[in-house]
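Peer 1: Got a sequence here, can you build the structure:
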Amino acid sequence: MPPINIADVIVALAREGGHAIMQVYATDFETRAKDDASPVTEADLAADRVIVAGLERAFPDIPIVTEERTESHDVAAAGKRFFLVDPLDGTKEFVKRGGDFTVNIALIEEGVPVRGVVFAPAQERLFWTADDGTAWLQDGNDTPRQMHVRTPDNTALNVVASKSHRDAATDEYIARYAVADFKSAGSSLKFCLLAAGEADLYPRLGRTMEWDTAAGHAVLRAAGGIVDSCFGGNLSYGKSGFENPHFIAYSKGVTLKETP
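Peer 2: The predicted structure follows:
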């Protein structure tokens, strides 16, 4: 029996999760607060059920860490190879009925996101890493195209930042660059805009969790981009507590400024 193509499975599951989300999106759904005060809806939970069931069926020996299941938040249990899932990233955008929310599935190996898929169901944009390590984008029913980060012009950078979590520290950092164009985007789409050559720099000087970033990081990495911790070195996964340090995502060739 031939080996299962990881990319095919996670892309299909991201689409299934997105379908479950959009079914809830079309209703008068309710929102409740989790223990950390962040919002959660039935869409988060419905997508989580679809994705976890599919991953367990296809890859029964690979542990799964998912935002919505606190019992999964055990690095020791996850080991050196595990799936990292955010079934609905950008719940605030979802609640506001904005389109910048995504389904995120990543495979982590030795702290590195080696496979990933980001699906924005309201926009019908799909970003993923193929099993050969390349990055791809499909808009709606268009023919998929391979993605590469663009060669940046440090005198005229395109910058993207968070739509819901932007702060003064981020604005001050961005002001250190020569910015030609600025975009606000929600969820993990910011990584994907870099991967698609639609932006050059994404600084995040605020709190994120690993499931917020892993799939987008995988896509950007496959497209030739970089995600560095502000404390030095590449952003890694499987950390105790799953909380990320501040980080900078960028295209190769961007001359980085020192972070505050």
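
Peer 1: going forward, measure contacts and count neighbours with C-alpha atoms only.
Peer 2: Noted.

Peer 1: Need the contact partners of stretch 104-114.
Peer 2: 10, 14, 80-89, 115-119, 133, 188, 211-212, 214-218, 236-238 (CA atoms under 8 Å, 6 or more residues apart in numbering).

Peer 1: Give me the mean pLDDT for that stretch.
Peer 2: Averaged over stretch 104-114, pLDDT sits at 97.

Peer 1: Check the offset of that stretch from the chain's centre.
Peer 2: 11 Å (CA atoms, centre = their mean, to the nearest Å).

Peer 1: from now on call the first residue 37
Peer 2: Right, with 37 as the first residue, what we last looked at is stretch 140-150.

Peer 1: from what I can see His55 touches Ala156, true?
Peer 2: No - using CA atoms under 8 Å, His55 is not in contact with Ala156, being 10.5 Å away.

Peer 1: Between those two, point out the one with more neighbours.
Peer 2: Higher neighbour count among His55 and Ala156: Ala156, with 24 against 18, using other CA atoms under 10 Å.

Peer 1: report the longest helix in this protein, please.
Peer 2: Ordering each helix of the chain by length in residues (DSSP state H) puts helix 42-61 first.

Peer 1: Using PDB, list the CA coordinates for it.
Peer 2: What follows is helix 42-61, C-alpha atoms only, in PDB (Å, rounded to 0.1, in the frame of the first residue of the first chain):
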ATOM      1  CA  ILE A  42       0.000  14.200   4.000                       C
ATOM      2  CA  ALA A  43      -0.700  17.300   2.000                       C
ATOM      3  CA  ASP A  44      -3.800  15.700   0.300                       C
ATOM      4  CA  VAL A  45      -5.200  14.700   3.600                       C
ATOM      5  CA  ILE A  46      -4.700  18.000   5.500                       C
ATOM      6  CA  VAL A  47      -6.000  20.000   2.500                       C
ATOM      7  CA  ALA A  48      -9.100  17.900   2.300                       C
ATOM      8  CA  LEU A  49      -9.700  18.200   6.100                       C
ATOM      9  CA  ALA A  50      -9.200  22.000   6.000                       C
ATOM     10  CA  ARG A  51     -11.800  22.200   3.300                       C
ATOM     11  CA  GLU A  52     -14.200  20.000   5.300                       C
ATOM     12  CA  GLY A  53     -13.500  22.200   8.400                       C
ATOM     13  CA  GLY A  54     -14.200  25.300   6.400                       C
ATOM     14  CA  HIS A  55     -17.500  23.900   5.200                       C
ATOM     15  CA  ALA A  56     -18.600  23.200   8.800                       C
ATOM     16  CA  ILE A  57     -17.600  26.800   9.700                       C
ATOM     17  CA  MET A  58     -19.600  28.300   6.900                       C
ATOM     18  CA  GLN A  59     -22.700  26.300   7.800                       C
ATOM     19  CA  VAL A  60     -22.600  28.000  11.300                       C
ATOM     20  CA  TYR A  61     -21.700  31.300   9.700                       C
END
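
Peer 1: returning to that earlier point: out of the contacts of stretch 140-150, which sit inside strands?
Peer 2: The members of those that map onto strands under DSSP state E are 117-125, 151-155.

Peer 1: Name the nearest of these relative to Ala83.
Peer 2: Pro123 (5.4 Å; CA to CA).

Peer 1: which residues in the stretch 37-186 of the chain form helices?
Peer 2: 42-61, 78-94, 111-114, 127-131 (DSSP state H, counting those that start in this stretch).

Peer 1: Run through who's touching the shortest one.
Peer 2: With contacts defined as CA under 8 Å, 6+ apart, helix 111-114 is touched by 98-101, 108, 274-276.

Peer 1: just stretch 40-58 next, same as before
Peer 2: Contacts for stretch 40-58 (CA under 8 Å, 6+ apart): 79-80, 82-84, 86-87, 90-91, 94, 123-124, 138-141, 151-158, 164-167.
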